[in-house]
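S.K.: how would this look folded up:
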Amino acid sequence: MAFPYPVTHDVPLFLAPMAGVSESPFRLLCRRYGADVVVSEFISSVGVARGIDRVLADGKFDPAERPYGIQLYGAEPDTMARAAALVTALFAPDFLDINFGCPVKKVVRNNGGSGCLRDLDLVRQIIGAVRAATDRPVTVKIRSGWDDAHRDPVTIALACEDAGAQALTLHARTRTQMFTGQANWDEIALLVERLTIPVIGNGDIRTPDDVVAMHRHTGCAGIMIARGSFGNPWLFAQARALLSGETRAPVPTTEQRFATVLEHARLAARFQGDTRKTAVEFRKHLGWYTKGLPGGAALRERLFRIESLEQAADILEGFLAREPEAALAT
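M.R.: Numbering: from 1, shown residues only. Predicted structure coming up:
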């Protein structure tokens with residue numbers, strides 16, 4: 001049950017495709033900290049097919065990110081095929097991933113993302129069209145169903161496999177659950193039993209111990225980490241150590257945490273431009289990186305008002321200078 005693209009470890013760790021988060025700077029940082037595979041933010045096939053520059057820009061990546069996948073969403077097989085052919089020619093990713101899992105209203109109202117799960121014939125048509133349009137491996141990401149009344153991950157996954165999907169990620173919640181409740185890892189284990197392609201588990205991975213627990217519970221071929229990575233790229237290295245039977249990596253000190261967030265900011269400036277817009281969009285990352293720190297609430301209040309990345313660096317450096325004991329906090 002080999003992956004259709006090269007991976008270094010027996011149980012690869014994936015950074016999930018997340019809008020507004022899985023941008024190239026964060027993907028690159030997570031690769032440096034041990035993510036085996038990264039995937040773009042989900043990208044509109046309609047935007048790609050129309051050649052909209054800002055949409056196409058979401059597919060750009062640094063070569064150091066490989067293996068790298070571009071995730072597309074849409075509800076029209078022909079449009080998905082055109083988009084797949086275009087991003088293949090422009091970017092040559094290691095694989096293409098089809099989003100059948102996004103629960104966000106603006107996506108599903110046009111039958112995209114998890115909206116497609118209500119029509120498995122459409123799912124099959126989309127996978128077939130994308131497979132025919134690219135020479136890259138094609139994978140899919142699904143949810144367990146639209147709602148509890150239509151929760152049937154096995155039928156959905158088998159349809160995807162039969163249509164040509166070469167690996168499958170299950171976020172073991174329904175669309176109507178959004179991100180509430182608990183992911184049903186038993187469903188991931190069931191897919192591992194029934195499918196012949198690699199199954200990647202996703203859902204409720206917040207700590208390194210969660211990674212180990214999911215693998216033991218499900219036997220999944222790989223594990224995808226989403227919200228647990230927010231402000232926490234070290235999670236990949238910590239989880240890899242546990243999976244490998246090594247000593248648990250220490251929690252970073254505040255000083256190490258700040259050094260990483262500043263490296264993230266430098267990457268953002270390099271990829272997206274050292275502008276006010278970049279700084280404003282980066283505020284959310286500053287909030288995540290400083291969550292749980294002593295004095296963090298007051299620190300975030302200042303960071304959420306920054307107009308430049310240089311301001312953020314000054315505030316963080318000033319925090320450590322005023323409270324040197326915080327540099328050793330874990």
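S.K.: quick one: low-confidence parts of the protein?
M.R.: Residue ranges of the chain with pLDDT under 70: 101-112, 114, 323-330.
S.K.: double-check that Phe14 belongs to a helix.
M.R.: No: according to DSSP: H, G, I helix; E, B strand; the rest coil, Phe14 belongs to no helix; its state is strand.
S.K.: so it makes contact with Ile225?
M.R.: Yes: under the criterion of Cβ atoms under 8 Å, Phe14 makes contact with Ile225 at 6.8 Å. Heads up, the C-betas are built off the backbone N, CA and C, glycines and all.
S.K.: what is in contact with those two at once?
M.R.: Ala35 (Cβ atoms under 8 Å, 6 or more residues apart in numbering).
S.K.: so these two - more neighbours on which side?
M.R.: Phe14 (26 against 23; other Cβ atoms under 10 Å).
S.K.: what about Arg66, neighbour count?
M.R.: Neighbours around Arg66, by other Cβ under 10 Å: 16.
S.K.: excluding chain neighbours, what is closest to it?
M.R.: Asp94 (5.8 Å; Cβ to Cβ, 6 or more residues apart in numbering).
S.K.: show residues contacting the longest helix along the chain.
M.R.: Secondary structure of the chain per DSSP state H: the longest helix is helix 254-272. The contact list for helix 254-272 (Cβ under 8 Å, 6+ apart) reads 23-26, 28-29, 62, 231, 233-234, 252, 278, 281-282, 285-286, 289-290, 293, 309, 312-313, 316-317, 319-320, 326-329.
S.K.: buried residues, it. List them.
M.R.: Residues 254, 257-258, 260-262, 264-265, 267-269, 271-272 are the ones in helix 254-272 that count as buried (16 or more other Cβ atoms under 10 Å).
S.K.: A strand includes Leu96, no?
M.R.: Yes: according to three-state DSSP, Leu96 belongs to a strand.
S.K.: check the gap between it and Gln166 for me.
M.R.: 10 Å (Cβ to Cβ, to the nearest Å).
S.K.: so what sits against both of these two?
M.R.: With Cβ under 8 Å, 6+ apart, Leu96 and Gln166 have common neighbours 137-139.
S.K.: where do the strands of the chain begin and end?
M.R.: 13-15, 37-39, 43-44, 68-73, 95-100, 138-145, 168-174, 199-202, 222-225 (DSSP state E).
S.K.: what angle do the longest one and strand 168-174 make?
M.R.: Right, the one you point to is strand 138-145. 20 degrees (axes from the mean of the first three to the mean of the last three Cα atoms, to 10 degrees).
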